[in-house]
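Student: okay, sequence plus prediction incoming.
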Amino acid sequence: MMSRRVRRKVVRRQKEKVDCPESDENLSLDENGMLDWTRLPDDTVIQLFSCLNYRDRASLSSTCRTWWTLGKSPCLWQVLDLRPHKCDATAAAVLASRCENLQKLRFRGPESAEAVIKLQAKNLREISGDCCRKMTDATLSVLAARHEALECLVIGPDFCERISSDAVKAIAICCPKLQKLRISGLHEVDADAINALAKHCQNLTDIGFIDCRKVDETALGNVASLRFLSVAGTTNIKWNLVLQEWSKLPHLIALDVSRTDINPTSVSRFFSSSVSLKVLCALNCPSIEEDASFASNRNHKGKVLLAVFTDILKGVATLFVDTPKNNMNVFLDWRYSKVEDRRVNEILNWLEWIISNTLLRVSESNPPGLDNFWLNQGTTLLLSFMQSPQEDVQERSATALATFVVVDDENASIDIGRAEAVMREGGIRLLLNLARSWREGLQSEAAKAIANLSVNANVAKAVADEGGISILVNLARSVNRLVAEEAAGGLWNLSVGEDHKGAIAEAGGVKALVDLIFKWSRSSGGEGVLERAAGALANLAADDKCSTEVASVGGVHALVTLARTCKVEGVQEQAARALANLAAHGDSNSNNAVVGQEAGALEALVQLTRSPHDGVRQEAAGALWNLSFDDRNREAIAAAGGVEALVALAHSCSNASHGLQERAAGALWGLSVSEANSVAIGREGGVAPLIALARSDAEDVHETAAGALWNLAFNPGNALRIVEEGGVPALVHLCSSSVSKMARFMSALALAYMFDGRMDEIAMVGTSTESTSKSVNLDGLRRTALKQIEAFVMTFSDPQAFAAAAVSSAPAALAQVTESARIQEAGHLRCSGAEIGRFVAMLRNPSPTLKGCAAFALLQFTIPGGRHAVLHVRLLQSAGAPRVLRAAAAAAGAPIEAKIFARIVLRNLEQHQAELSV
């Protein structure tokens, strides 16, 4: 309901009249002070209907009889765009009663073309179809036969390889009023077909045989009515025949040979021989671009040559005497001028269509050597064409903008110079204006361009500053799949920036993205929407606040549903990544537990680790790693087959990416915190692949592998397995040479577990595996390991600081030792009571090296401010550690490092105790 009545107010938007609502103070309100929509004037309702697509219009018409009648008004059904929705025979039958006066129709795909025939719109003047690669002669011929009044037929820009000359001949015979024919990608257009056009279509002034393999040059010379001709991208053209035949065409004023192999000689001769020709468009023609002398020649016999080395805007301006003299942009200047000239409009419209089509094709192939052209002219032209009155030109220009900035689509990298050129020339605002259009074709192409450009951080900021986030969020709510897909892609790219995550959430983007998943996971053909929506949610979930909102609006259930049911690689990868990020906030919200408790979540992620695609396996393993930080999740993952799956993954990823290796080892590290899981990993053969990963040169990989081996080594059976599989040399190497302090630290702790005496009984019995224990020299390995542990601890021993601490009990002296010995990341490690007890027991070990290692480890775990320091202090108190620490600090034969580290741990315990008392 509205509280004000509206009436029409006609305003101008460029050259188009637009009806806008205007308030009327003389209102007749109902008893509730509100106005019933059914009381609106008929012309206002019709104007509102005109801003809707045909489906929404039909839906709104069904609300009442009055609107049902108005919804059938002939003025609303003169133009019909079927591209946004699948149009089949059933939909066509429903629409047929409204299409008696239909003048212009756009459709997508050969299936829609077959349905169009059933519309019975015999008065159609213009038909345009795209994505018609599979269209056949039969479909196109029937389409022509049912629409004899046709004046314009455009099929492309896809390659229509199944259409032959027979269909072109049928068009000529069936559509005698044809004035414009543009078809792309035909294998051959023979003489019979073209001569049929010349014979039957006397008003045919505009032909485009674009990207064809062969066109009969001689026959084209027989179409005497031709004024505009394009053979852009067409191959096997005999230029000697072109010179003989086309130069005789009496009315030909504009010729497009872009993306062909035309040579400088042919261009010069054609300029000399053609009397009527005014402009030749030859963009991206290597033969003439590589001829420096021709490129520098400005004598074109009074004709205008449009090429990458000419000033295109200036050249077009010279075609018209009455063009405004500033020559900044002839297309925009003419559109905004008050001069009405049909001849000029025809040429400008043709040039806009032809050049925008060529720029799109060139941007798709992205040939080298055109950087200067794109920066100096191409960007300006595309932005100009985005303001064209021709909707298809606007769409194509937006698509070209989305394409020409992309350097590597697979890795989402763009050309920074081109992206920022678009931004400098006001392209962001223009694209956002197009995105606000009620036309869904423009919405989707503008959103695609915004999405691609937003890969650049500066452009992303400009999009956000111009209000682009709320626009994209609104588009993400569209029922049109293409619009929703591109809008979700834009939010995906924008959500990379930390500054934009909150803005997306505030604009309602989180719920819009979750709703997209619920909607399109139940429909076929929505994989692109799902991947982009899940990718955007994955980025947003990395933020703590946004992560909470994702969960609160049903995001966990939506993402788990994708992980369980969708079979598309990209969707699986992004869903798993989103779940991994949701589970990464274990300390600040409950999402980790929520994901683990969602029905089927853990089973789905375990299953995804068996995917044939590395990206999917990597993100699934990452999710399981994060989830394993929760005690209940850890055991549930194991119950879901996680141990077997992750061990198999670790075995299979020796030649995979470092990211996959890191997450496979990390997930096993997380699971191995549990004693039962640790034993299971060892029995499943998980030791050998972890040792192999510990030998990796990648810091992240060998760090997570060292963590997993540290946990596994706590169990004596696993410790012996590590020895038998050659793990001691690998750990010694890590402990001595890794650039990661954490990797060195955890390697030293693993070696300490292995040689603190608990493995010896197992080694003597030989029961580490079901088979006979491998023969190993434990004494030699023990000496090597203890020597390396000692060397590691000594790297954190500042002689001067230790000397000062040895003779002083002042807190400052101990603090200096603590600071030099501290490993910052070690404060994030969490030890169980059994592990703490193990280190306390080591303090009693006869080995001075193990005493020093145990004291060093306890120092790291109890430093005030550490993530789990309070827990560790409580466990130490329970284990009676203060008495053991005091004994170690006072032991006469203990090394000075062990004594001072023990004193520091005692001080840490006292400090925590004092804080608790306060």
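Tutor: Nice, I can see it.

Student: all contacts plus neighbour counts: C-alpha atoms, from now on.
Tutor: OK.

Student: skipping its backbone neighbours, what lies nearest Val673 in space?
Tutor: In this structure, Val673 finds its nearest non-sequential neighbour in Asn711, 6.2 Å apart by CA to CA, 6 or more residues apart in numbering.

Student: what does Trp353 give?
Tutor: Once flanking residues are discounted, Trp353 sits nearest to Val393: 5.7 Å by CA to CA, 6+ apart.

Student: for that neighbour, what are its contacts?
Tutor: The contact partners of Val393, taken as CA atoms under 8 Å, 6 or more residues apart in numbering, are Glu352, Trp353, Ser356, Asn357, Phe385, Met386.

Student: then Ala894?
Tutor: By CA under 8 Å, 6+ apart, the contact set of Ala894 is Pro848, Lys851, Ala888.

Student: again, but for Ala804
Tutor: With contact set as CA under 8 Å, 6+ apart, Ala804 has these partners: Ala813.

Student: what residues of the strand or helix carrying Met742 count as buried?
Tutor: Element membership of Met742, judged by DSSP states H and E, is helix 741-754. Of the residues in helix 741-754, 741-754 count as buried by neighbour count, 16 or more other CA atoms under 10 Å.

Student: which pair of these spans the longest distance?
Tutor: By the measure CA to CA, Lys741 and Met754 form the most distant pair in these, at 20.0 Å.

Student: for Val793, see how far away the closest residue to Val594 other than its chain neighbours is.
Tutor: Nearest-residue entry for Val594: Val556, 7.8 Å, with adjacent residues in sequence omitted and distances by CA to CA, 6+ apart. Distance of Val556 to Val793, computed by CA to CA, to the nearest Å: 45 Å.

Student: same question for Arg269.
Tutor: 85 Å.

Student: more neighbours: these two, which one.
Tutor: Neighbour count, other CA atoms under 10 Å: between Arg269 and Val793, Val793 has more, with 19 against 15.

Student: ok, the more buried one touching Ala857?
Tutor: No: using CA atoms under 8 Å, Val793 is not in contact with Ala857; the gap is 9.7 Å.

Student: residue ranges in the chain under the pLDDT threshold?
Tutor: Applying pLDDT under 70 to the chain flags the ranges 1-38, 321-328, 338-339, 763-776, 916-918.

Student: show me how it divides into domains.
Tutor: 667-761+778-795, 796-917 (the TED database).

Student: if we can go back for a sec, for the residue nearest to Val594, the count of nearby residues, please.
Tutor: Using other CA under 10 Å, Val556 is surrounded by 24 other residues.

Student: do the same with the one 4 residues further on
Tutor: Residues near Val560, counting by other CA under 10 Å, number 24.

Student: check contacts around it.
Tutor: By CA under 8 Å, 6+ apart, the residues touching Val560 are Ala575, Leu579, Glu598, Gly600, Ala601, Ala604.

Student: mind checking the end-to-end distance for stretch 151-169?
Tutor: Stretch 151-169 end-to-end distance (CA to CA) = 15 Å.

Student: which parts of the protein are strands?
Tutor: All strands of the chain, identified by DSSP state E, fall at 5-13, 16-24, 79-81, 104-108, 126-130, 152-155, 180-184, 206-210, 228-230, 254-256, 279-281, 304-306, 406-408, 413-414.

Student: can you select the buried ones from the contacts of Val560 in ChimeraX?
Tutor: ChimeraX command restricting those to the buried ones, with burial defined by 16+ other CA under 10 Å:
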select :575,579,600,601,604
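
Student: output the contacts of Val560 in CSV; the columns should cover distance to Gly441.
Tutor: Formatted as CSV, the contacts of Val560 follow (distance: CA to CA, whole Å):
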residue, distance to Gly441
Ala575, 28
Leu579, 33
Glu598, 39
Gly600, 39
Ala601, 37
Ala604, 37
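
Student: so which of the contacts of Val560 belong to helices?
Tutor: Assigned to helices by DSSP state H, the following of the contacts of Val560 qualify: Ala575, Leu579, Ala601, Ala604.

Student: now for the nearest residue to Asn236 once chain neighbours are set aside: which residues touch it?
Tutor: Nearest residue to Asn236, sequence neighbours excluded (CA to CA, 6+ apart): Lys214, at 5.7 Å. By CA under 8 Å, 6+ apart, the contact list for Lys214 reads Leu186, His187, Glu188, Val189, Asp190, Thr234, Thr235, Asn236, Ile237.

Student: quick one: the fourth one and Ala219 touch, right?
Tutor: It refers to Val189. No: between Val189 and Ala219 there is no contact under CA under 8 Å: 9.7 Å.

Student: where do the helices sit along the stretch 601-750 of the chain?
Tutor: 601-608, 614-627, 631-639, 642-652, 658-671, 675-683, 687-694, 699-713, 716-724, 727-737, 741-754 (DSSP state H, counting those that start in this stretch).

Student: what's the first one in contact with?
Tutor: Meaning helix 601-608. Residues outside helix 601-608 that contact it (CA under 8 Å, 6+ apart): 560, 563-564, 572, 576, 595-596, 616-617, 620-621, 623-624, 636-637, 640-642, 645-646.

Student: show me which of these are buried.
Tutor: Buried by 16+ other CA under 10 Å: 560, 563-564, 572, 576, 595-596, 616-617, 620-621, 623-624, 636-637, 640, 642, 645-646, out of these.

Student: returning to that earlier point: if you rank the contacts of Ala894 by neighbours, which is first?
Tutor: Greatest neighbour count in these, by other CA under 10 Å, goes to Lys851: 28 neighbours.

Student: check contacts around the closest residue to it other than its chain neighbours.
Tutor: Sequence neighbours aside, Leu843 is the residue nearest to Lys851 in space, at 4.6 Å (criterion: CA to CA, 6+ apart). Contacts for Leu843 were tallied using CA under 8 Å, 6+ apart; they are Leu850, Lys851, Gly852, Ala854, Ala855, Val884, Leu885, Ala888.

Student: what of Asp756?
Tutor: Asp756 is in contact with Met842, Asn845, Leu850, counting by CA under 8 Å, 6+ apart.

Student: could you dump those residues into a markdown table with distance to Ala457 and neighbour count added?
Tutor: As requested, the contacts of Asp756 are exported to a markdown table (distance: CA to CA, whole Å; neighbours: other CA atoms under 10 Å):
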| residue | distance to Ala457 | neighbour count |
| --- | --- | --- |
| Met842 | 53 | 23 |
| Asn845 | 57 | 15 |
| Leu850 | 51 | 27 |
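
Student: no further questions, thank you.
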